[in-house]
Every structure is written in structure tokens, then in C-alpha cells.
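# here is the input, now give the coordinates:
(chains A and B)
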Amino acid sequence: MAAELDVAKTIAGARVVDPLGSGTHREVGGPPPVGAEPVRAPAGIVSYEPADLTVCLGAGTTVAELQSALGEHGQECALDPRDDTATVGGTLATGLSGMRRLRVGPVRDQVLEVRMAIADGRLVRGGGPTVKNVTGYDLPRLFVGSLGTVGVATRVILRCRPRPAHISWGSTTDAPEAVAARCFRPSAVVWDGERTRVLTEGHEDDVRATAERVGLHACDAPPLPDGPHRGRASVPVSAVVTLGRMLAGMPDVRWLAEIGVGTIHIAADTQDALQRARDATARAGGWMLREAGARGLDGFGVDLPNADLMARVRDAFDPDAKLAPGRLPFPPPRPEGETG
Amino acid sequence: MHIDLANAVGAERVRSEPLELALYARDAGNARGDAAAVCMAGSAADVIAAVRVAAAHGRPFVARGSGTGIAGGATPTGGSLVIVTTRLNRVLDVDAGARVAWVEPGVLNLDLSRAVRHLGLHYAPDPSSQAACTIGGNVATNAGGPHCLAAGVTSAHVLAIDVVLPDGSEARLGGLAPDAPGYDLRGCFVGSEGTMGIATRIAVRLTPDPPAVRTMLLDFAAIDDAAAAVSGIIAAGVIPAALEMMDAEITRAVEDFVGAGYPRDAAAVLLVEVDGLVDGVLAEVDAVSRIGREHGARSVRVAADEAERALLWKGRKSAFGAIARVAPDYYLHDAVVPRTRLVDVLRRVIAICAEQRLTVMNVFHAGDGNLHPLLAFDAREPGIWPRVKEAGDEILRACVAAGGVLSGEHGIGLEKRDAMPLVFSPDDLDAQARLRDAFDVAGLANPDKVLPAGSRCGELATVPAGTWI
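Numbering: from 1, shown residues only, chains lettered A, B, ... in the order given. Got it, this is the predicted structure:
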């Protein structure tokens, strides 16, 4: 707790705070604040009870270290950042889910309790240590995806799960939605415009039977698209294939769509190409979060929904907007006297 | 306010006769409040209009579904306007491909699953009251149920919520695309017990029916053995779809009530369901059977067909009806402890009830560590209530001492509001109050619930007028 109190004290005394983990998510959303006080959460596993399927750890612990500790007991946590040197706190703050989301759920569903330091230097805790809990307001879900703007997580409790007995990728050229419909509870169904790849986990015989029934050929895990400019598109599940077809015709753009989820990972060689992908995403009814590069493409490409309400929530925890300002695209405060 | 309300929604939708107000003065819990008026909303527009009338008059309001909540969450306090959503009961749209349904808040939980059954889909959260409770109420309490062990509770199944905020403005929280920009306001709203506004439309995730299901009944001669088997199953890496436990008292009561073939001489039974693809299911049946026997199960009965499976579940889901055979009244608790502490806490619960000379029955979601000690009694017995309350408080303290929380699925409402300081510091409660106040600047949405008076820094602690707990 002493290290957490240090974090809180630093925040209380700082004018502008830059919550910092391993730096793997620095370009997600808006840019990190300039000239701000960097603040790091403590690292290390605090307690781990495999039979409870819960683990308590400092938010500065890397995901790699977490998975390694859980792996010794045949367990894992459904956090799967692109780079597993990312910290748990950073992974939660960005809220970016991994490729197995279709089966294991989004990042926000893995968090049971969060203790965070808020702007005035207090440590506040929400959620609870048990796998099921409706005691009080859901501060953990507020934290996930907040990009550090409501507080800096110092200690979290996460849900663990048994590692799958067997897990394998298979590939087919069949249409992605038809493939997805033929699979029961797949871990991932991804499509790049040419091949549909399916990740199946569970009992070895079921994995094999699914591959035979669906017509999958064993393949390697598909790499996430890479390039100097990257984004993550979100569209309704029913629009994923439509958006994929739009992206397929674009030069300098590589993408991978998560069928059944609505996420499309996009990489581009130029900022303009990523801009065109973002425009296409908007036409498909969604938005694209900038993940890396593309300095001109901060945020989501759309205004924050319910911006007034979100600003009130932010102000409730950080009235001076000193925590990670600029990481979420809040509209500038209205000039005094103006209403509306 | 009554005139404005009648003008806004139609006089026929407004109730203010004393008898009607009395009917809506409580939910299925023990707290009684007082309603100023009841609005039987016929549409989302009525709900919005009613909230706007309340906001204009500075009148507190509370949304109400079927009134099955037992934490007093839908109990009107301080002369609230009660806005009843049960007539908003349409399934508006089903997209089987995307596995999403838009529903109105008054749709009954089980009706939703029935409406999509022909598509091979269902709505996963299944509270024991699922034949009576509404999706809107499920959202308010972040409801659970036996099948939430593997599938997750309500929050994991709600994609978007159209709400009317307490100031009368409308908002869509979340959306059909994943990860709406900015804060997860949807996640904040789910489980907020009506204190952040009222849902008018809800987009829920539908779950494909599993190709294979097996339901098992394990019979134990000692309750400790059954609890240890629960830990053994989870520790072995098996997460059943459901893992329910019933103690001797409730097992006998249920068997007398429905004749599901439960062993009347068992100290405890486990009802375990595994589902998925067939080979994995069969392997898990073997694993559960083996682990059960290693922990002293006298028998393991695997339902042979759908009829037998339905009968086993009928036993579990009839538990609260069966109690009437034991005592005329009961008080149902809800708390969660880490799974590894189940044995200790169950022993403590039994001892506490013995000290207070109360009959306790345990029927609960063991796989989650979600206890439901049920105190059966006769309210006509002089001096019984203080004993029931003392036992309940002591059970909560025991659960918290074991690293548990106050509620797993019923909510805090009025019932457990004043116990919140057992698990949260003043700073924690102040942070929660700030989040709530951001949604409800004027403090009109279901006031007096969830957070104890004095939660906000500098706020004076007062007891709300007109509340009887």
C-alpha cells in the first residue's frame, strides 16, 4: 500500500499527470500530455489463489509476468495486448481486447476490482475480490478504456480461467459469416478478405471434429496487420464484412476483421491511407481508434458520444482535467456564459 | 405534479388512490416506502415524459419492473413517483445473424428466451425469478442466475441501453459496435439500481444453444464434502455451465414439493450442468463424477434425457416455493465469498442461525461462491424479527470477514445500504457518489438507495423520511 500511496501523493502534487506503464500504448487515442509528471503504478503479484480463479496484482505488472505466474498453475487471464510487455494497468486503461474476445469476452469483463489514485491524491476502490459482485457502483468498468483520465490504477484484481486443453488455428476460403455460423463458441473467427481463419479451443476431439465439419486446414496464427500507421475500427457485427469489402479495394491498407465481434485491425503505409480507412469505417456505421502513428488522426474520428455526461463523469474524479489530458477527445470547455 | 403527469401521459395511466399507492410502496423485499403517484407507462415516450414531469417538479422517481427485487431497490422513498415499465413488453427486433435483440425493459426474462428459441438462441442470464422478472430490472440489478457461472452476469450480455437520464434528456449508452468511444457508461449504468436513469430500450446479446448438455446430481453425506467438491471441480480446470448446491433442509423440502428424485437423506446435493461440444461435455461429466466421488459423493446421477434434466432443474428453481412447506415466512440473503472459503463460511452460517434458533436453508450458486442463506420462520412468533435481523447482519459480517462482498446478484437497495461501510472506505463511497451524481445532478433518481447517507464528503447522515426497514 505504501507504493500506492506514493503514486497518490505524486498525483496530488502534480499539475499535469502522465500515467505511464511500459509505453506500448502511448499513441492510442490522443497523444500523451507534454511536460507532465510521469506516474507509474507498482508492479508485482500481490496474491494469487488458483482455486478461486482470481489474482491480485500491482497495476504496473506486465501482462507477460502475469501470464507466466498464472501459467504455472495451468491458468491464464484474458488480457492479450499486442505486445505483452504492456502493463496490466495500461492494458485496462486502453481497454483493447485480444483476439479471443469472441469466446473469453472483452477486457472489461476480466476486471473484478480496481484501486486507483484520483486527482486529489486519494486512493479509491471499486468492485470487489470475488468473481461475482454487485456491491456498489462499477468503478472497474469506468476505468477500463478511460485512458487514464479518471485515475491511475494502482492495484487490480482480475478473473483467471483455466488454460484450454487444446487450441488450434484452422483456415478455409469459405465466406466468414457462413464459417462462423458453423462453429460453436469459437475463440476467434478472423477474415482478411481472402481466407477465413478460425481459432478453436477445448477438448482435442471437439477441436478436431470442428475442423473436419467446417473444413478447416491447420494454419499458423494470423499476425495482426503491421505498419507505421495503425487503427482499430469498431462497427456493428452485421457490418464487419461490408467494411472488409470496402477496405479490400484500398491501396496501402492491410486489415484483419474479427467476425462476430465487430473489430477490424487496420494498418496503413501512410496517414492518408489510414484516413481513407477511417472514412470507410464511418460509412459502415462505426469509428476508428488510432492505435499508432498517424499523428493527424487522434482519437476516434468521431465526437465522444454523450460528451456532456462524460465530461461530468471526468470532472467528478478530476475537476481540473490534469490526468492524461488529451488522451480522450473531450470537447474544449464552453466559454463562460454560453449555454446549450 | 399529478395534473402535469396526467397531461403528459394521459390520466388513465396515473394512479393515486391510497390502495394503489400502498401496492407500489414496496417490492419483494421487506422495506416499505411511500409513493406519491404511480405512472403505468405505456410506451418509452411515457417513461420519458414522466421523468421530465418529475424533474420539473423536483420530485424523486423510481422505476419499477415486476417488483421481484428483494433488496428494496424499487421501494419508493420520500414520496417518489413510481414509473412502472411492465407494459413496455415488446421484443422489438431480433438479428439472429448478429445474435442481438432489442427489447423493451418490461419484457420478462424467460419470455425473451422463449421468443428466440426457434432460432437456436437464448438469453443467458437466468435468475431464479426469470419467469416473473423483467430485463429492465435485470439491467438495474446486474442480475445473475445459475448459468452465469460460465456465461457471465447481465453486464456481459447488454450491448446498448437507450435511457432517459434523470434530467429528462435521452442518451444511448454503449452500442452495437464494440467499445463505444470514451467511458463505458453502459457498464456504469448496469447494476446502478435505477439511480442513473431509466432504460427505455435495451440491446442484449443472444447466446447459441449448446449442442450437448449434461446435468448431474451429486449426493453427499456431509455438507463440507460437497463444498470441497465444488472447489475441487473448479481447481481441476472445469468451469461448469452451472454449479448449484442445496443443503439437507432445502433438499428435503424440494423433494416433498416437486418430487424431482432428490435424495431425501442427503446432507447436501450438487446440481452440476456442463455444456458445449459433445466430447468436451462427456470428458467433463467424467471429471465431475470422479472429483465428486473423491470428495465422498454417495451417488452421481446423470440425467438420461431432457425430461429428467428439466425435472432436476425444476427442483432447484422451485426451492423458494418449497419453503412454504417449512415455514410461512423467509428472509433470503445474498452474499459472495471466495470459493475456497465456502466450507468455513457455510459452517459459520449454520452456527449463527443455531445461536439465534432459526431454521436456515442453503440453496445457492456454489460455483461462484454466491451464498443464499435463507432463514425460514414464522413472523407471528413474538420477538422473531430482531433475531432474523441479527442473524442476517452476522452472516454478512462473516462473509465480509472471509474476503467476501455484500451482494452477488440481488443488489444493495435499501436493505444493505447501511452495510456498505463494511466493505468500502469513506473515500471509496465518496468516489461512487461522485459517479452517481454525474448521472443525476439533481439527485432525483431513486434516492436513498445503494449509498448510505453521508457517503458524500461533508454530507450529513440522515434517515429518509417515510422509510420503514
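# tell me where the stretch 151-300 of chain B has strands.
B:158-164, B:170-174, B:198-205, B:207-208, B:212-220, B:242-247, B:268-276, B:297-302 (DSSP state E, counting those that start in this stretch).
# from the chain's centroid, how far away is the fourth one?
Between the mean C-alpha location of strand B:207-208 and the chain-wide mean there is a distance of 21 Å, by Cα atoms, centre = their mean, to the nearest Å.
# partner strands of that strand, with direction?
For strand B:207-208, the paired strands and their directions (DSSP bridges) read strand B:121-122 (antiparallel).
# report the rounded mean pLDDT for the strand it pairs with.
In this model, strand B:121-122 has an average pLDDT of 98.
# do stretch B:136-143 as well
Averaging the model's pLDDT scores along stretch B:136-143 yields 98.
# residues contacting B:D440?
Shown here is B:D440, whose contacts under the criterion Cβ atoms under 8 Å, 6 or more residues apart in numbering or on different chains are B:165-167, B:195-197. C-beta: built from backbone N, CA, C; applies to glycine.
# one more time with 10 Å, if that's ok
If a contact means Cβ atoms under 10 Å, 6 or more residues apart in numbering or on different chains, then B:D440 has B:165-167, B:192, B:195-197, B:446-447 as its contacts.
# contacts with chain A among those residues, please.
Among the contacts of B:D440, the residues lying close to chain A (Cβ under 10 Å from any Cβ of the partner chain) are B:165, B:167, B:192, B:195-197.
# these into JSON lines, with extra columns for pLDDT?
Shown next, in JSON lines, are the ones next to chain A among the contacts of B:D440 (pLDDT from 0 to 100):
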{"residue": "B:L165", "pLDDT": "98"}
{"residue": "B:D167", "pLDDT": "97"}
{"residue": "B:S192", "pLDDT": "98"}
{"residue": "B:T195", "pLDDT": "98"}
{"residue": "B:M196", "pLDDT": "98"}
{"residue": "B:G197", "pLDDT": "98"}
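# ok so, going back, quick one: buried ones out of the contacts of B:D440?
Under a neighbour-count criterion of 16 or more other Cβ atoms under 10 Å in any protein chain shown, the subset of those counted as buried comprises B:165-167, B:192, B:195-197, B:446-447.
# direction included, what does the helix or strand containing A:A153 pair against?
Using DSSP states H and E, the element containing A:A153 is strand A:152-159. Sheet partners assigned to strand A:152-159 using DSSP bridges are listed as strand A:54-58 (antiparallel), strand A:111-117 (antiparallel).
# need the winner for burial among these.
Ranked by mean neighbour count under mean count of other Cβ atoms under 10 Å in any protein chain shown, these are led by strand A:111-117, which reaches a mean of 26.
# pLDDT on that strand, on average?
So the average pLDDT for strand A:111-117 ends up being 98.
# do stretch B:257-265 as well
The average pLDDT for stretch B:257-265 rounds to 93.
# run the chain-centre distance for it.
Taking Cα atoms, centre = their mean, one finds stretch B:257-265 lying 26 Å from the centre of the chain it belongs to.
# contact partners of it?
Stretch B:257-265 has contacts (Cβ under 10 Å, 6+ apart) with B:217-221, B:246, B:248, B:250-256, B:269, B:271, B:298-299, B:301, B:303, B:308, B:310-319, B:321-326.
# may I see the buried residues of it?
For stretch B:257-265, the neighbour count (16+ other Cβ under 10 Å) marks B:257-258, B:260, B:262-263 as buried.
# what's the burial count for the residue nearest to A:V63 when sequence neighbours are not counted?
Beyond its immediate neighbours in the sequence, the residue positioned closest to A:V63 (Cβ to Cβ, 6 or more residues apart in numbering or on different chains) is A:D84, lying 4.6 Å away. If you count neighbours by other Cβ atoms under 10 Å in any protein chain shown, A:D84 ends up with 17.
# again, but for the one 3 residues further on
Neighbourhood size, A:T87 [other Cβ under 10 Å]: 30.
# state the distance from it to A:T61.
With the distance defined as Cβ to Cβ, to the nearest Å, A:T87 ends up 6 Å from A:T61.
# how about A:A43: what's its closest non-neighbour residue?
Nearest to A:A43 is A:G60, by Cβ to Cβ, 6+ apart, at 3.9 Å.
# find me the pLDDT at residue 54, would you?
I went with chain A, as the question did not name one. In this prediction A:T54 is given a pLDDT of 97.
# wrong one, chain B
According to the model, B:A54 scores 98 on pLDDT.
# B:S231 now?
Among the per-residue scores, B:S231 shows a pLDDT of 89.
# what residues are up against it?
B:S231 touches A:51-52, B:291, B:295, B:338-343, B:366-367, B:369, counting by Cβ under 10 Å, 6+ apart.
# ok, now with 6 Å
B:S231 makes contacts with A:51, B:339-340, as judged by Cβ atoms under 6 Å, 6 or more residues apart in numbering or on different chains.
# B:E104 now?
Contact criterion Cβ under 6 Å, 6+ apart gives B:88, B:90 as the residues in contact with B:E104.
# please name the nearest non-neighbouring residue to the residue of chain B found nearest chain A.
Ranked by Cβ to the nearest Cβ, the top residue of chain B for proximity to chain A is B:G187, at 3.0 Å. Across the structure, with Cβ to Cβ, 6+ apart as the measure, the residue nearest B:G187 apart from its sequence neighbours is A:R141 (3.0 Å).
# need the three-state assignment for that neighbour.
The three-state label given to A:R141 by DSSP: H, G, I helix; E, B strand; the rest coil is helix.
# residue numbers of the stretch 51-200 of chain B in contact with chain A?
Neighbours of chain A within the stretch 51-200 of chain B, by Cβ under 6 Å from any Cβ of the partner chain: B:98, B:142, B:156, B:171, B:176-179, B:181-184, B:187-188, B:191.
# ChimeraX command to pick out the buried ones of those residues?
This is the ChimeraX syntax for the buried subset of those, where burial follows 16+ other Cβ under 10 Å:
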select /B:98,142,156,171,176,177,178,179,181,182,183,184,187,188,191
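# quick one, what contacts the residue sitting nearest the centre point of chain A?
Centroid check for chain A by Cα atoms, centre = their mean gives A:L96 as the closest residue, at 1.0 Å. In this structure, A:L96 makes contact with no residue, judged by Cβ under 6 Å, 6+ apart.
# let's go with 10 Å and repeat that
Contact analysis of A:L96 by Cβ under 10 Å, 6+ apart lists A:25, A:28, A:79-82, A:86, A:90, A:106-107, A:144-145, A:232, A:263, A:265, A:289, A:291, B:179.
# ok, now how distant is it from A:V28?
Computed as Cβ to Cβ, the A:L96 to A:V28 distance reads 7 Å.
# joint contacts of those two?
The contact sets of A:L96 and A:V28 overlap at A:90, A:232, A:289, A:291 (Cβ under 10 Å, 6+ apart).
# adding distance to B:L121, neighbour count and pLDDT, write these out as JSON lines.
Compiled in JSON lines, those are given as follows (distance: Cβ to Cβ, whole Å; neighbours: other Cβ atoms under 10 Å in any protein chain shown; pLDDT from 0 to 100):
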{"residue": "A:G90", "distance to B:L121": "36", "neighbour count": "28", "pLDDT": "98"}
{"residue": "A:R232", "distance to B:L121": "28", "neighbour count": "23", "pLDDT": "98"}
{"residue": "A:L289", "distance to B:L121": "30", "neighbour count": "26", "pLDDT": "98"}
{"residue": "A:E291", "distance to B:L121": "33", "neighbour count": "23", "pLDDT": "98"}
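# relative to B:Q432, which of those residues is nearest.
Distance to B:Q432 across the shared contacts of A:L96 and A:V28 (Cβ to Cβ) is lowest for A:G90, with 24.4 Å.
# show the pLDDT at A:G340.
The per-residue pLDDT reported for A:G340 equals 43.
# how close does A:R197 get to A:P223?
Computed as Cβ to Cβ, the A:R197 to A:P223 distance reads 11 Å.
# which one of those two is surrounded by more residues?
Neighbour count, other Cβ under 10 Å: between A:R197 and A:P223, A:R197 has more, with 23 against 9.
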